[in-house]
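Peer 1: Fold the following.
(chains A and B)
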2 protein chains.
Amino acid sequence: MTTLYLIPTPISGNALHTIPPYVQEITRNLDVFITERAKTARHFIKSLEPAKRLQEMIFAELADNQDSNEAEKVFLDAVRAGKDVGLLSEAGCPGVADPGAAIVALAHREGVRVAPLTGPSSLLMALMASGMNGQSFAFHGYLPPKRPELARDLRRLENLSRQNGQTQLFIETPYRSQMVLEVALETLQSGTMFGVAQDLTGAAEFICSLPIRDWNKLKKKELEKLPAVFMVFVPK
Amino acid sequence: MTTLYLIPTPISGNALHTIPPYVQEITRNLDVFITERAKTARHFIKSLEPAKRLQEMIFAELADNQDSNEAEKVFLDAVRAGKDVGLLSEAGCPGVADPGAAIVALAHREGVRVAPLTGPSSLLMALMASGMNGQSFAFHGYLPPKRPELARDLRRLENLSRQNGQTQLFIETPYRSQMVLEVALETLQSGTMFGVAQDLTGAAEFICSLPIRDWNKLKKKELEKLPAVFMVFVPK
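Peer 2: You can find the predicted model right below:
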């Protein structure tokens, strides 16, 4: 049965050991890929030492605006030719915090089998490592980049967590990590838990999850410019 | 540095291929485990063919009430003896939809390094495979088990998704899967997306994600008594 494989990729550098061998094996045998960025996808596929030459494979890019007609056309052409297709994100699991969901939805509409494969997800690993509530949580993507709006949104997430007991997760671009930490320490209440997980599975992996009052006692309150997941949780 | 390893386990049967070799290798060398149920954990550790005998290892169970004093004592004793500890869930990723977070929070308070490892998560793989919004989502654990309360809660999740564009995830015990599907088909609006993911990575893997109106057109609307993740999403 024609299948759309959802292929996780490393979330830090070339950490190929985080991709299980069965995922590498399935990926090695595909030759049509829908990608967030073709260049990153080619680099990953090449690292798997596939049987076919990269020049014989098709890499279609998902457009930023999600009306990704070219990628959809490549997907439908492959499916009609009876070919399996791989969906790849820039890093981690496709369909989560990336534009990949549109192709998955199309696969369901077309009756194509969808097969999610196992691999690293920075969101899930950050949540696991937070010690916050893993029985109820919400992910919000990016918060507003400017300080006053970010502070307001952090208070909104704090209120949500207080009301629902729900862990609140969000992400930010690497160069804004330090700003997010500063605004959180200024804005959130002293008993509120705040968590940061950076460069998960990588050499610079950094995970810290503490009440604001304990963050304020730390000597070093500086974050590297690395991909980060942030979490807010108000304990009962 | 003394480390608490968060060790994912297979989410279907003995699907050991979903656990990357580096995770198996780390796990093989530990001899203190905090577990949801010791019996399941012993079975998993045995399948890894560890160097030590199982009788020489410590398996402490997390209490259901989360005031898990025995597990906390075992953890603290191990840490004070300079030993690394593994945290295991019944299936999938510890700290997510299980009682493991209490030990992770304790590790942070004690300054013990927390290392999340890569592996299968039914929630994350269900979300990847849904084609619904993966840029904003919330997990709610179990909904009420009785039909009228479940219908009310499904309407609440539908409203949340309409307001926030957020994918709503929940779980239910295997023998209630069919009831959940029936109530969802009766309750949700025709354009609302409803998704079911069962036995992910297993031989009976079943994934279906469609608008309610298309679910109603399916000939077979019966779910097996298998672990399931359910999803609700209202497209714009």
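Peer 1: A:L157 looks like it's in a helix, true?
Peer 2: Yes: when DSSP: H, G, I helix; E, B strand; the rest coil is applied, A:L157 is found to be in a helix.
Peer 1: measure it to B:K146 for me?
Peer 2: From A:L157 across to B:K146, the span is 32 Å (Cβ to Cβ, to the nearest Å). C-beta here means a position set from N, CA and C on the backbone, and glycine is covered the same way.
Peer 1: and these two? which has more neighbours close in?
Peer 2: Taking neighbours as other Cβ atoms under 10 Å in any protein chain shown, A:L157 and B:K146 compare with A:L157 leading, 25 against 11.
Peer 1: out of everything not next to it in sequence, what's closest to the more buried one?
Peer 2: With Cβ to Cβ, 6 or more residues apart in numbering or on different chains as the criterion, A:L157 has its nearest non-adjacent residue at 4.0 Å, and that residue is A:Q168.
Peer 1: List the residues that contact the one you found.
Peer 2: For A:Q168, the contact set (Cβ atoms under 8 Å, 6 or more residues apart in numbering or on different chains) comprises A:137-138, A:140, A:157-158, A:160-161, A:231-233.
Peer 1: wait, which of these is closest to chain B?
Peer 2: Checking those against chain B by Cβ to the nearest Cβ gives A:A138 as the nearest, at 3.8 Å.
Peer 1: Just to check, that closest one is in contact with B:Q135?
Peer 2: No: the criterion here is Cβ atoms under 8 Å, and A:A138 misses it with B:Q135 at 11.9 Å.
Peer 1: which one of those two has more residues nearby?
Peer 2: A:A138 (23 against 18).
Peer 1: contacting residues around the more buried one?
Peer 2: Residues counted as contacts of A:A138 (Cβ under 8 Å, 6+ apart) are A:160, A:166-169, B:136-139, B:166.
Peer 1: please redo it, this time with the cut-off set to 10 Å
Peer 2: A:157, A:160-161, A:164, A:166-170, B:136-140, B:160, B:164, B:166, B:168-169 (Cβ atoms under 10 Å, 6 or more residues apart in numbering or on different chains).
Peer 1: and what of A:R53?
Peer 2: A:D31.
Peer 1: and it, how far is that from chain B?
Peer 2: 27 Å (Cβ to the nearest Cβ, to the nearest Å).
Peer 1: one step back: may I have the predicted confidence score for the residue nearest to A:L157?
Peer 2: For A:Q168, the model assigns a pLDDT of 98.
Peer 1: How about the one 5 residues further on?
Peer 2: Taken from the predicted model, the pLDDT recorded for A:T173 is 94.
Peer 1: which regions of chain A lie under the pLDDT threshold?
Peer 2: A:64-68 (pLDDT under 70).
Peer 1: Domain-wise, how is it divided?
Peer 2: A:3-116, A:122-233 (automatic domain parsing).
Peer 1: Same list, the ones you listed, but as CSV with distance to B:L226 please.
Peer 2: Shown next, in CSV, are the domains of chain A (distance: least, Cβ to Cβ, whole Å):
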stretch, distance to B:L226
domain A:3-116, 16
domain A:122-233, 21
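Peer 1: ok so, going back, what touches both of A:A138 and B:Q135?
Peer 2: By Cβ under 10 Å, 6+ apart, the residues touching both A:A138 and B:Q135 are B:Q166.
Peer 1: where exactly do the strands run in chain A?
Peer 2: Applying DSSP state E to chain A gives strands spanning A:3-7, A:32-35, A:58-61, A:85-88, A:113-116, A:137-142, A:167-172, A:193-198, A:206-211, A:228-233.
Peer 1: The nearest residue to A:G82 once chain neighbours are set aside: neighbouring residues, count only.
Peer 2: Spatial nearest neighbour of A:G82, excluding adjacent residues (Cβ to Cβ, 6+ apart): A:T2 at 5.9 Å. For A:T2, the neighbour count with other Cβ under 10 Å is 16.
Peer 1: can you pull the contacts of A:T2?
Peer 2: A:78-85, A:107, A:110-113.
Peer 1: ok, now how distant is A:V183 from A:R109?
Peer 2: When distance is defined by Cβ to Cβ, A:V183 is 42 Å away from A:R109.
Peer 1: Likewise for A:S12?
Peer 2: Remark: distance between A:S12 and A:R109 (Cβ to Cβ) = 34 Å.
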